[in-house]
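Asker: Quick one, what's the 3D model for this:
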Amino acid sequence: MSSENNSSYQPFSFRQKAGELIKSVLKKNGTFLAEDEILKLTHELELARIESDLHGNEQEIIANNDQYGIPEELFRQFLENSPVYIFFKDENIRSIYLSPNYEELLGKPLNELLGKSMNEIFPSALAAEMIANDLKILKEGKKIIVEEEFNGRYFSTIKFPVRIKGKPDLLAGFTTDITESQRSRLALIKSEAKYRKLHESMRDGFVYVSMEGTILESNTVYQEMLGYTHPELEKMSYFDITPEKWHDPENRIVAEHILPQGFSPVYEKEYRRKDGTVFPVELRTFLIKNDENMPCGMWAIVRDITERKKVVEALRASEEKFKSIVESSPSAMYFYRLQNDKRLILTGANSAADKTIGIAHQTLIGKTLEEAFPNLVGTEIPEIYKKVAAGTLNHQSFEIEYKDDRFAGIYSVSVFKTGTNTIAVSFNDISYKKKTEEILRQNEARLIELNSTKDKFFSIIAHDLKSPFTAILGFSNLLATQVQNKNLDDIQVYTDNILQASHRVLDLLNNIQEWSGTQTGRLNFKPTLFNFEALVNGTVQLLKNNAYEKSIFIKSEISFSEPIFADKAMINTVLRNLVNNAIKFTNRGGEIVVSAAIQQNEVLVVVADNGVGIPKQDIYKLFRIDQNYSTPGTNNEKGTGLGLILCKEFVEKHEGKIWVESEEGQGSRFCFSIPTKK
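Answerer: Numbers count the residues shown, from 1 in each chain. Have a look, this model is predicted:
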């Protein structure tokens, strides 16, 4: 078609432009040409070629090709090697031209494709869509761009009308395979959707800011955390929601961590909500770089730690309260931690522990249980503590007696678990309590014994008093009768008997008085220095008449002359009772020896006789008030039954001992010893 036929159609302007483009390609010496430039170049060249074919101006195109220096072979090679699919269709939507690369795409030679309808070339659904678009182009005369899928690949096609005689009689187009870019786009869409889902499903806040601090993006959690909507945040700077006191510290974090290493450590700061309230957050920030490896923004994961701070504060207050209770507790307390190697390490103590055992707990911190208290080694205590700490044994309570070169005592101990692999050991010194309990136990036993003794004592006293009083009354009646009869001989006998009975009663009452004084504490213990030999001689002289009546010889053998320190009255009573007993149970013509010596810081006194002796089975009854052991003497003398008991009490007041050595028929040795201390 010539230019006269259509003033708007200028075929040589197209060729000229195409020639210029090809020349520019040749000048680049093989340098890669952008895809849009190739499409544009191909479009221009093909239009020029088709136009020439339609108008039969082949020679003209060749001539003009020669004019512009573009060989026909170059056009052919360019079209054959172009990655773009080029086509022309007639008004019936049949293909009238297809670029050579269609053969590979459709799997058929071009001669089998030219003149075919779309239904004959493509699947029906795709063909129907193509036909509809093509008819629309021919009708409206406007270019359109469509994307289509064929044989699992994606294509983008620019379709446009070709005007002949002023109206769109043909349509042309070029198609580009966009499979890879489409797949990349779909992957990007999928990745972005996944990112969005992750972004919005996060329990923590997410924020993305520019390097200047402008908030570019955030998730719902972050927006709800601050009370702002997304559009509101996009108009704000990161510094608008951060209290001023945190600006400089956060700038230092950016300079010292984020920019040099690409991320920050986890740190804490505060945010200001829309309502003005300030709350604590924990966050970690990461650096974003562009394709030129330059910082272009930062993103951060942000967590509201208000509740955690409350818990921490409550825990701190609880710990302070616990420490206060522990420190003010009157019970001593040690704290231990069980290590992985099964060692139990002392980690702390209260002041009561220091006072209880007298050791500053600072000197024990970090030591094992066995190092702190070495005498626990070999006992079951360390294993009990470890089992409680490990949770394999419940709370334990027990008493323990502990002693080393630092302290000693009896302790009540409670061991209980305080946390993971930790225990507290609470203990109290109960040494005094135990001592008191022992005293109470002994006193209780003594009280029981005394009550029993009292009953037997009263029985003995009643018996011993009844006999002399009966004699006194009986002889008094006889005496009254003999007085009337003036029988002086019988009166003398009766008065002698009454006198003896009265002396027995008096002796008994004196012994009772002295014994009761020792029991009630009314009898004072008054030790002094005195001459023991003189005391012995005085006692022998006092009782010499009693011995003379039975022709008994008494002598003393004292091996020392220095004074002793004792209660003179008590020792005198002991000697008098022992010598008197010896006279009572020694036969006529017998002998009594009172001897004394100092041996190993003690004064040893022995009253020995060669009298009747004591049966072995009765020796244990001596010195006991609960045993009514009293036998008549060799001259039928009567005893009170309290003499030896009183001797035992007086000797023990001196912290001494009294005992008897006797053999029946051979005599007895009554011995006592008292310390020589002053």
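
Asker: can you tell me the distance between the two ends of stretch 86-105?
Answerer: Across stretch 86-105, the terminal residues are separated by 12 Å (Cα to Cα, to the nearest Å).

Asker: which residues pair with the most centrally placed residue in the chain across the strands?
Answerer: Nearest to the mean C-alpha position of the chain, by Cα atoms, centre = their mean, lies Gly419 at 2.7 Å. Beta bridges link Gly419 to Thr422 when assigned by DSSP bridges.

Asker: What of Gly205?
Answerer: The residues paired with Gly205 through beta bridges, assigned by DSSP bridges, are Val302.

Asker: Could you check how many residues crowd around it?
Answerer: Close neighbours of Gly205, defined as other Cβ atoms under 10 Å, add up to 22. Just so you know, the C-beta spots here come from the backbone N, C-alpha and C atoms, and that holds for glycine as well.

Asker: Spit out the contact partners of it.
Answerer: If you count contacts by Cβ atoms under 8 Å, 6 or more residues apart in numbering, Gly205 has them with Ser218, Asn219, Val221, Tyr222, Met225, Val281, Ile301, Val302, Arg303, Asp304.

Asker: Which per-residue confidence value corresponds to it?
Answerer: We note a pLDDT of 90 for Gly205 in this prediction.

Asker: Lys454 now?
Answerer: At Lys454 the predicted local distance difference test score is 65.

Asker: Ok, Ile564 next?
Answerer: In the predicted model, Ile564 carries a pLDDT score of 92.

Asker: Am I right that it is in contact with Pro527?
Answerer: No: in this structure, Ile564 sits apart from Pro527 without contact. The criterion is Cβ atoms under 8 Å, and the distance is 9.2 Å.

Asker: what about the two, which has more around it?
Answerer: Looking at Ile564 and Pro527 with other Cβ under 10 Å, you find the greater number of neighbours at Ile564, namely 24 against 17.

Asker: Glu562 versus the closest residue to the more buried one other than its chain neighbours, what's the distance?
Answerer: Of all residues beyond its chain neighbours, the one nearest Ile564 is Phe532 (4.9 Å), with distances taken as Cβ to Cβ, 6 or more residues apart in numbering. Separation of Phe532 from Glu562 (Cβ to Cβ, to the nearest Å) stands at 9 Å.

Asker: same thing with Ala480?
Answerer: Distance, Ala480 to Glu562, by Cβ to Cβ: 57 Å.

Asker: Can you list the neighbours in contact with the helix or strand containing Ile325?
Answerer: Under the assignment given by DSSP states H and E, the secondary-structure element containing Ile325 is helix 306-328. With contact meaning Cβ under 8 Å, 6+ apart, helix 306-328 is reached by Phe279, Pro280, Met333, Asn350, Ser351.

Asker: Including neighbour count and pLDDT, could those residues go into TSV?
Answerer: What follows is these, written out as TSV (neighbours: other Cβ atoms under 10 Å; pLDDT from 0 to 100):
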residue	neighbour count	pLDDT
Phe279	14	95
Pro280	15	95
Met333	21	92
Asn350	23	92
Ser351	15	91
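
Asker: Could you export those to JSON lines, including columns for distance to Thr157?
Answerer: Supplementary listing: these in JSON lines, determined by distance: Cβ to Cβ, whole Å:
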{"residue": "Phe279", "distance to Thr157": "57"}
{"residue": "Pro280", "distance to Thr157": "59"}
{"residue": "Met333", "distance to Thr157": "87"}
{"residue": "Asn350", "distance to Thr157": "88"}
{"residue": "Ser351", "distance to Thr157": "91"}
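
Asker: Out of the residues you listed, flag the one nearest to Ile131.
Answerer: Sorting the contacts of helix 306-328 by how near they are to Ile131, with Cβ to Cβ, puts Phe279 at the top with 64.5 Å.

Asker: residues contacting the closest one?
Answerer: Neighbouring residues of Phe279 by Cβ under 8 Å, 6+ apart: Glu270, Tyr271, Arg273, Asp304, Thr306.
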